[in-house]
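Undergrad: Requesting a structural model of the entry that follows:
(chains A and B)
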Amino acid sequence: MLGSTHPLLRSLDRGATFFLIALAAAAVAVPVLNLAVPQSSLFYVPTYLVALFGKYICYALLALSIDLIWGYCGILSLGQGAFFALGGYAMGMYLMRQIGTRGVYANPILPDFMVFLNWKELPLYWYGFQHFPYAVLMIVLVPGALAFVFGWFAFRSRVSGVYLSIITQALTYALMLGFFRNNFGFGGNNGLTDFKDILGFDVRSEGTRAALFSISCVTLMIGILVCRAIVTSKFGKVLIAIRDAEARTRFLGYRVESYKLFVFTLSACMAGIAGALYVPQVGIINPGEFAPGNSIEAVIWVAVGGRGTLIGAAVGAIIVNYAKTYFTSGMLAPYWLFMLGGLFIGVTLLLPRGIIGSLHHWTALRRDRASAAAEEGVTAPPPEPLPAE
Amino acid sequence: MKIQDRLAQAESQAMESFERTLLYIEGVTVSFDGFRALNNLSFAIEPGEMRAIIGPNGAGKTTMMDVVTGKTRPDKGAVIFDKQHDLARLDETEIALLGIGRKFQKPTVFDSHTVHDNIELALKTDRRARTSLWWRETADEHRRIDEILETIRLTAVQDRLAASLSHGQKQWLEIGMLLAQDPKLLLVDEPVAGMTDVETHQTAELLKEINREHTVVVVEHDMTFVRELGVKVTCLHEGSVLAEGSIDQVSENERVVEVYLGR
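TA: Residues are numbered from 1 along each chain as shown, chains lettered A, B, ... in the order given. Have a look, this model is predicted:
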C-alpha cells in the first residue's frame, strides 16, 4: 500500500519488530534462567523478579488497550482499570472454585468468605466458574459486554472528550463501591485470595510463575500484533480521522459511533485479559483495583511511553512501574506520588510525544534531512503533527 | 374553467417544478435561544445547477448548510432531497451516504494522514466498520485516486502529511475529498476565504469543472468570485430569501444594497 511508505510507519515497524523480538526472547530466556540455572550462577533470575516483571507485562497489555483507544481514536478512558479488574475477578472466581476443601472451612462448593457470611448456597453468577474454558470466556465477555453497553449509550449520545473521561471515571468508582460490599458476593473489601492452583498446577510454584510470565509475554505480543493490524488497516485510518476531525468523518459518511464502539469494546476485552493474567501472578484481586487512581496511573504510563505508538504504551508501563517498585521500596517511598505527578508534568511539557514517540520523531527528522541533502533539498521535511487531545 | 380543473392544473404545475428539484427547502425555521437563524426559509435547487448563496454575516448561510447536512435539526419545515428523502429526519452519516458532500468554511482535512490517504478515506466505498478492517485498495480505486490528485494538482505531494500543506492546498485537498465522495449535491462553504487572487481564479475554474457532473451550492462573501462563477444567486437576509436571480439583478436590487451597505 502506498500509505505505508510514510516514514512514521516505517520507523514504527522497526521499533515494533525489535520490541516483539525482545518479548519473545524474554518469554524463553527468563523461565530458563530462573528454573534451569543454579541460584549461585551470575545469570540466575530470582523468582521474585519473574513475578514482578510478569506483573509489568500485564500492565503493559493494559496500557496497550488504552493506547488503542486514546492514541488512535481520541477516546480518553479514565476507567480502563474497571475492565482490567473485571477480568481479574473472573479469573479470581475460577481460582476460588479450585480451592475446594482446602479452604479454612473446607466447604467443597462455597468459597471461605461465603461460609463466613453464613451463605448456604452459591450465587447463580458463580455457577460455571469451576470450568476453566467458561472462566476464560467470561474474562473476555464480561468487560466486553460492559464496554459495549456503556459505549453504545455514550457514543450514540455523542458523549466525548472530557465528559466521556469523567463518566468512565464514575463507572470504575461505582464498581469499586459495589465490589466493596459484602452482599455483592465477591468477597467484599478482602476480595478474592488464598489461591491454590490453576489448571492443576500450584500457583505459587516457581514453574507455574515462570509459565505465567511466558504466557503474559506471548499474550502481549499477540496484543501488539492485533493492534498493529487494526491501526494500519483502513479501519485504523478511520480511527485516526475520527481523532483528528470527528465531524468531518461523519460528513464523509462514516458511522463514527460504530467505529468507536468496536474499538472501545475490543480494548475492554484486552484489559480484561490483562487483569486475568495479573491475578494469578500477584495472588489477589480486591476492589482496590477499581480505584480511579489506578486508571489514571495507567493513562500516565501511556503518556510517558508515547501515545499513538502502541510500543510506547508497553514501554511506558514497564518503565514507570519499574520506577515505582524501585522508589517505593526505599526511603523515598513517601514521595512517590509527587514523583509520578512530576513525571507526568515533565513529560507533558518537555516530551509531549512521550519516549517512543520522540524517538520516532527524531529518526524521521534525521532521515528527512539526509534524504533532503541527497536530493539537494527539493522540499522541506514535513513536520510530524501531534496526536490530537 | 372549473375550479377543480384549475386546482388540478396548479397542482400539476407544482408537481412539475418539484420534479425538477434536487433539493427542496420548504418553510425551514431554526432558532437558537430565541434568535431566529432561519426564518421560514424556502428555495429549490435544480439538478445539475450551480447556485451561489450570498448574504451578510448572520444571514443564516452556514445554518442553512447545517440543516441540509443534518448537523442542526430544523424546528419547523421540510428539507426534501431527491424528491423522496426528508433530510430533517436523518443524521449526518445517513445524509452523507445519500450523496450530499460538504466543504467546511475552515479547511478541514485529516492532518496526520497523507494527502493520498485523505483522498482514500473520502473515496466512495463501503463505509461500514466491519468491512473497513479487511479493505484493500483495488486497481480501479488506485486509478481514481490518481485522477483526483491530478485534478486538484497535488500529485507531487501525495505522500506528504496533510498538515504540511499550505492553506490553499488544504482547500483544494478538501475539494478533492468531495470529488472522491462523488456526491449528487456538493455544498461548499466559503471556498476562497484566505486565498490569493490566482488561487481564487483557479478555484472558480475548478468549481465550474466539478459542476459538469455535480450539482453545487456555494456560499460565498467574495463578490468578484461569485461574479466569476456567473451563476444564479440567492441572497439571504435574516434567515430568509431576500432576492434571487443573476448577479446583476440581485446587486441592483434596492433591498440587497440596503442590507449590504447599511441604511
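Undergrad: any idea which element the closest residue to A:Y59 other than its chain neighbours lies in?
TA: Distances taken as Cβ to Cβ, 6 or more residues apart in numbering or on different chains put A:A317 closest to A:Y59, at 4.4 Å, once the chain neighbours are dropped. C-betas here are computed from N, CA, C, even on glycine. Assessed by DSSP states H and E, A:A317 sits inside helix A:311-328.
Undergrad: could you pull out the helices for the stretch 101-250 of chain A?
TA: Using DSSP state H, counting those that start in this stretch, the helices found in the stretch 101-250 of chain A span residues A:112-116, A:132-156, A:161-180, A:206-232, A:234-244, A:246-251.
Undergrad: Would you mark the buried spots in the longest one?
TA: With burial defined by 16 or more other Cβ atoms under 10 Å in any protein chain shown, the residues of helix A:206-232 counted as buried are A:208-217, A:219-221, A:223-224, A:227-228, A:230-232.
Undergrad: between it and helix A:311-328, how many degrees?
TA: For helix A:206-232 against helix A:311-328, the angle by axes from the mean of the first three to the mean of the last three Cα atoms, to 10 degrees is 140 degrees.
Undergrad: follow-up on the earlier one: columns mean pLDDT and distance to B:R130 on top of the helices of the stretch 101-250 of chain A, output as a markdown table?
TA: Listed next are the helices of the stretch 101-250 of chain A as a markdown table, based on pLDDT from 0 to 100; distance: least, Cβ to Cβ, whole Å:
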| stretch | mean pLDDT | distance to B:R130 |
| --- | --- | --- |
| helix A:112-116 | 94 | 43 |
| helix A:132-156 | 98 | 15 |
| helix A:161-180 | 96 | 23 |
| helix A:206-232 | 95 | 13 |
| helix A:234-244 | 95 | 9 |
| helix A:246-251 | 93 | 17 |
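Undergrad: tell me what the helix holding A:A317 is packed against?
TA: If contacts are counted by 3 or more Cβ pairs under 8 Å, 6 or more residues apart in numbering or on different chains; DSSP states H and E, helix A:311-328 sits against helix A:7-35, helix A:47-73, helix A:206-232, helix A:292-305, helix A:336-350, helix A:354-374.
Undergrad: right, so of these, which gets closest to A:Y278?
TA: helix A:47-73 (3.9 Å; Cβ to Cβ).
Undergrad: other SSEs contacting whichever helix or strand comes after the closest one?
TA: Going down the chain from helix A:47-73, the next helix or strand is helix A:80-99, by DSSP H and E. With contacts taken as 3+ Cβ pairs under 8 Å, 6+ apart, helix A:80-99 sits against helix A:47-73, helix A:132-156, helix A:161-180, strand A:192-193, strand A:197-198, helix A:256-282, strand A:284-285, helix A:292-305.
Undergrad: Helices of the stretch 1-150 of chain B, start to end?
TA: Using DSSP H, counting those that start in this stretch, the helices of the stretch 1-150 of chain B run over residues B:3-19, B:61-69, B:92-98, B:115-122, B:129-132, B:139-151.
Undergrad: can you pull the contacts of A:G15?
TA: By Cβ atoms under 8 Å, 6 or more residues apart in numbering or on different chains, the residues touching A:G15 are A:309, A:311, A:356, A:359-360.
Undergrad: next one: phi and psi at the residue lying closest to B:L90 once chain neighbours are set aside?
TA: Nearest residue to B:L90 in three dimensions, chain neighbours excluded: B:G70, at 5.7 Å (Cβ to Cβ, 6+ apart). Dihedral pair for B:G70: phi 90, psi 10, per degrees, to the nearest 10.
Undergrad: So for B:G70, what's the pLDDT?
TA: B:G70 is assigned 93 on the pLDDT scale.
Undergrad: Switch the contacts of A:G15 over to TSV; also include neighbour count and pLDDT.
TA: TSV is the format used below for the contacts of A:G15 (neighbours: other Cβ atoms under 10 Å in any protein chain shown; pLDDT from 0 to 100):
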residue	neighbour count	pLDDT
A:T309	30	92
A:I311	27	94
A:I356	26	90
A:L359	18	88
A:H360	26	85
